[in-house]
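Enquirer: sequence and predicted structure are below.
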Amino acid sequence: MQWVDKYSPSTLSQLVGQEQPSTQIQSYLQSFKRGKALLIWGPTGCGKTSAVYAIANDQNAELIEMNASDLRNKNAINEFLGSVIGQQSLFSQLKIILIDEVDLFSGIYDRGGIQALSKIIETSTFPVICTANNPFDKKLKPLRKISTLVELSQLDHSIIFTTLKNISQKESISLPDPVLKTLARKAGGDLRGAIHDLQTLSSSPDNDPESFLASERRKTETIEQALTKVFKSTSPELYRGAFDLVGENIDTIFLWVDNNLPREYTKNKDRKRAYDALSKADIFRGRIRKQQYYRYYVYIFELLTSGIALAKKERYPGISEYKESMRILRIWQANMKYAKRKIIAEKLANKTHQSQKQAFQQIPLMKIAFQKNKDYAEKITSELNLDKDEADWLNK
């Protein structure tokens, strides 16, 4: 038997490290109203699905579970959920419907899935609970509008260590605390993964903790999860190294931080301190480009994590939706806007033996003459060998 199942919490009170969200989940069921779903979200392994199973046990409720990957489109959702919602629960007890990993809806094959799910929720007389890693995906917008959002935070490594130690004692496993602590840290907040690792290590024929830990579990995080650690956390264990597992380059991380910092830090003094850290990190980035001193990356990431996290006096409440910077898109749009002008200026400069800068300055006058004099337009088109798109641009 998998230890993840064996030691899964049977009641909501046994869900470790999630006391406040547990209260919110209970409150939702106690005051359930038709048309309102519960959307539990948080990083992998924080206990989202376990929380639903636990509350179902607490309420002596019948739990109907489906994974979003099994409900691939509108027809599948209507067929399954339509029949479930239309039936009374066995023995007239409470029925809870769980749609796990609802953010798996994606692509053309899931078209209409979220809308169909939202319509069924609006008419359901039973509580519908959904789970997701990232509830702020654009495709989940209809679902967010009719849902109460409850965030389960990433578990601190100390909580994971305590859980692993308790399991070890119950399973009569003799592993030193440093090994358990290393397992807890390497899990990256994923309690389920840590329990899997503990079981794998204990069942290994060699039972060699050192060689097992050397093969570090590969784990990636989204940029949104990393920003949550930096902006929301006050614990060094969480915000230090927040970007270590993010598969983005340093320039992209800078853009994300710069774009979302003023959205998160609303107090001027906090913003000032945070931007001071960000600007210092940017100075080191410039030195790397000029001098190739790659050791400065250590200072960059320290400023992007600890520097910005410590800039706030206290944690800002509420849920933040972090958005990608549009700066690159605007630059691209501007480049595309002037691309035709640049090409025409190059052709004019080559034809008239002048600099491209001088030719560029003559384009506005050329446009006026091109639009007012048809003969001139034809001559210029022929002389500069302009294609249809370039001629159309001059004629606008």
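Expert: Arrived safely, thanks for sending. Numbers count the residues shown, from 1 in each chain.

Enquirer: so where do the strands sit in the protein?
Expert: 37-41, 62-67, 95-100, 128-132, 147-151 (DSSP state E).

Enquirer: can you list those in TSV and add mean neighbour count?
Expert: For glycine as for every other residue, the C-beta is placed from the backbone atoms N, C-alpha and C. Formatted as TSV, the strands of the chain follow (neighbours: other CB atoms under 10 Å):
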stretch	mean neighbour count
strand 37-41	25
strand 62-67	16
strand 95-100	22
strand 128-132	26
strand 147-151	21
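
Enquirer: least confident of those strands, on average?
Expert: Among the strands of the chain, strand 62-67 carries the lowest mean pLDDT, a mean of 84.

Enquirer: in the protein, what helix or strand scores lowest on average pLDDT?
Expert: helix 209-214 (a mean of 60; mean pLDDT, DSSP states H and E).

Enquirer: the helices in the stretch 201-350 of the chain, which residues?
Expert: 209-214, 223-232, 236-239, 250-264, 268-291, 297-302, 308-309, 327-352 (DSSP state H, counting those that start in this stretch).

Enquirer: surely residue 11 meets residue 58?
Expert: Yes: judged on CB atoms under 8 Å, residue 11 makes contact with residue 58 at a distance of 5.4 Å.

Enquirer: the two: who's more crowded?
Expert: Ranked by neighbour count (other CB atoms under 10 Å), residue 11 and residue 58 place residue 58 first, with 16 against 12.

Enquirer: wait, doesn't the more buried one sit right on residue 15?
Expert: No: judged on CB under 8 Å, residue 58 makes no contact with residue 15 at a distance of 10.6 Å.

Enquirer: what's the neighbour count on residue 257?
Expert: So residue 257, with other CB under 10 Å, has 26 neighbours.

Enquirer: make that residue 26, sorry
Expert: Using other CB under 10 Å: residue 26 sits among 14 other residues.

Enquirer: what of residue 366?
Expert: 19.

Enquirer: do the same with the one 4 residues further on
Expert: A total of 22 residues lie near residue 370 under the criterion other CB under 10 Å.

Enquirer: over to the one 10 residues further on?
Expert: One way to gauge burial is a neighbour count; for residue 380, by other CB under 10 Å, it gives 20.

Enquirer: and for residue 298?
Expert: 10.

Enquirer: so how far is residue 44 from it?
Expert: 28 Å (CB to CB, to the nearest Å).

Enquirer: which parts of stretch 11-20 are buried?
Expert: 12, 15, 16, 17, 18 (16 or more other CB atoms under 10 Å).

Enquirer: grab the nearest non-local neighbour of residue 197.
Expert: Spatial nearest neighbour of residue 197, chain neighbours left out: residue 183 (5.4 Å); criterion: CB to CB, 6 or more residues apart in numbering.
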